[in-house]
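Undergrad: Fold the following and give me the result.
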Amino acid sequence: MTAGVAGTASLTVRSSSCFTAQALGVGVRDAFGDNLDFPGEAHQVQICPTGLTITTGARAFAAGTYTEFGFYQDQSGQWHNLTSLTLQVAAAQPPAPSTPASPVPGQSLIWSDEFNGPIAWGTRWVGDKTSAYQYGNHNPNDDKLDWLSDSNVSVSNGAATFTAQPSAHILENGLQAWTTGFLTTEGSQEGFQVKTGDYVETRVQMPNALGAWPALWTWKNGNNEVDSFEYHPDNPSLLEMTNHVLPAQRYLSDPADVAPGQWVTIGTHYGATSVDWYVNGAKVFSDGQGVGANWSAYLILNLSISAGHYHPAPQGNSPITFSVDYIRVFG
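TA: Model (predicted):
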């Protein structure tokens, strides 16, 4: 057997003379003697010289070495174990890693973060300031309650989780701030920038809570902004896709692919004459505008919190989360 893959067992028994067993089954014991029998015992069965074969129900085991044996219970209630065998359960082989691919022909992976380890603060990412925010770490004039903190992005099980929660800080407009997670390549040692012709892709799990405002976007020198997506749970199937360089916008309603709690892959090709957006690998919008031949910008991936002007503010003080599987750039 292979670890994690359910299997059944078959048992054939014979007796020199017929008798009825109250129960007949296949037992399994681990190295510690714990009982891990196959399910599906046969009951009130007649065992004769001609033989009887039963097949159990299915179950899975962890990798390791086990003792396997048939057993029966006679009419007096006594249990009898039959000859034992060794059951070896092999470790499951992990699937071969697939090579990330771009829907844009002729491209290869040039930069990525798979979030399989701790955030590379300072080297790859900055999380506590951005030139896109008026005050560096907060931006109340953009209907945001954000107060940036690199402690609000964590990694586990191959995904980055952005967490927003009420803060002790008070914004200039008198509203209570929410400390939240933010990743930007601006100011990092790598200083990575996407450029004309690149394709960026991320796989994200949309948040459920009102007030959540996740986005993947670009920024440089006070503009160069292209929004791969913005999302608000009050519009549960809607993605906002915007080119601010040569203005164009699409509000995409996609109930099949976009919903709170659902994972979705979103990509953007920064073409010189057209920016193209993709959802789960399919092109959904071409703006016919593009970003020009010499455009470049830093990446931003974040969870903002709405202040309530355009979209509802949070309902209560419970933390709000947003998860990201990866971000990849092809060129």
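Undergrad: For residue 274, the count of nearby residues, please.
TA: 17 (other Cβ atoms under 10 Å). All C-beta atoms are positioned from the backbone trio N, CA, C, and that covers glycine.
Undergrad: what do you get for residue 299?
TA: 23.
Undergrad: just checking, it touches residue 194?
TA: Yes. Taking contacts as Cβ atoms under 8 Å, residue 299 lies within contact range of residue 194: 6.2 Å.
Undergrad: Per-residue pLDDT of the nearest residue to residue 153 once chain neighbours are set aside, please?
TA: Spatial nearest neighbour of residue 153, chain neighbours left out: residue 181 (3.9 Å); criterion: Cβ to Cβ, 6 or more residues apart in numbering. Here the pLDDT value assigned to residue 181 is 98.
Undergrad: Residue 90 now?
TA: Per-residue confidence (pLDDT) for residue 90: 88.
Undergrad: so what's residue 117 closest to, chain neighbours aside?
TA: Of all residues not flanking residue 117 in the chain, residue 155 sits nearest, at 6.7 Å (Cβ to Cβ, 6+ apart).
Undergrad: okay, now the domains of this protein?
TA: As recorded under automatic domain parsing, the domains making up the chain are 10-89, 109-330.
Undergrad: Can you give the distance of the shortest one from its chain's centre?
TA: It refers to domain 10-89. Relative to its chain's centre, domain 10-89 lies at 41 Å (Cα atoms, centre = their mean, to the nearest Å).
Undergrad: what's the span of it, first residue to last?
TA: For domain 10-89, the first-to-last residue distance is 17 Å (Cα to Cα, to the nearest Å).
Undergrad: got the contact list for the nearest residue to residue 209 once chain neighbours are set aside?
TA: Residue nearest to residue 209 in three dimensions, not counting chain neighbours: residue 320, with 4.4 Å by Cβ to Cβ, 6+ apart. Contacts for residue 320 were tallied using Cβ atoms under 8 Å, 6 or more residues apart in numbering; they are 163, 164, 165, 178, 207, 209, 211, 212, 303, 305, 314.
Undergrad: Can you add distance to residue 60 and secondary structure and give these back as JSON lines?
TA: Shown next, in JSON lines, are the contacts of residue 320 (distance: Cβ to Cβ, whole Å; DSSP: H, G, I helix; E, B strand; the rest coil):
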{"residue": "163", "distance to residue 60": "34", "secondary structure": "strand"}
{"residue": "164", "distance to residue 60": "39", "secondary structure": "strand"}
{"residue": "165", "distance to residue 60": "39", "secondary structure": "strand"}
{"residue": "178", "distance to residue 60": "43", "secondary structure": "strand"}
{"residue": "207", "distance to residue 60": "34", "secondary structure": "coil"}
{"residue": "209", "distance to residue 60": "36", "secondary structure": "coil"}
{"residue": "211", "distance to residue 60": "42", "secondary structure": "coil"}
{"residue": "212", "distance to residue 60": "37", "secondary structure": "strand"}
{"residue": "303", "distance to residue 60": "37", "secondary structure": "strand"}
{"residue": "305", "distance to residue 60": "43", "secondary structure": "strand"}
{"residue": "314", "distance to residue 60": "42", "secondary structure": "coil"}
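Undergrad: quick one: residue 169 and residue 145, what's the gap?
TA: 10 Å (Cβ to Cβ, to the nearest Å).
Undergrad: what touches both of those two?
TA: Common neighbours of residue 169 and residue 145 (Cβ under 8 Å, 6+ apart) are 176, 177.
Undergrad: Which one's more surrounded, the two?
TA: A count of neighbours by other Cβ under 10 Å puts residue 145 above the other of residue 169 and residue 145, at 28 against 15.
Undergrad: Need the phi and psi values for that one.
TA: Note on residue 145: backbone dihedrals following degrees, to the nearest 10 are phi -100, psi 10.
Undergrad: Run through the residues that contact it.
TA: By Cβ under 8 Å, 6+ apart, the neighbours of residue 145 are 171, 175, 176, 177, 178, 211, 304, 305, 306, 307, 313, 314.
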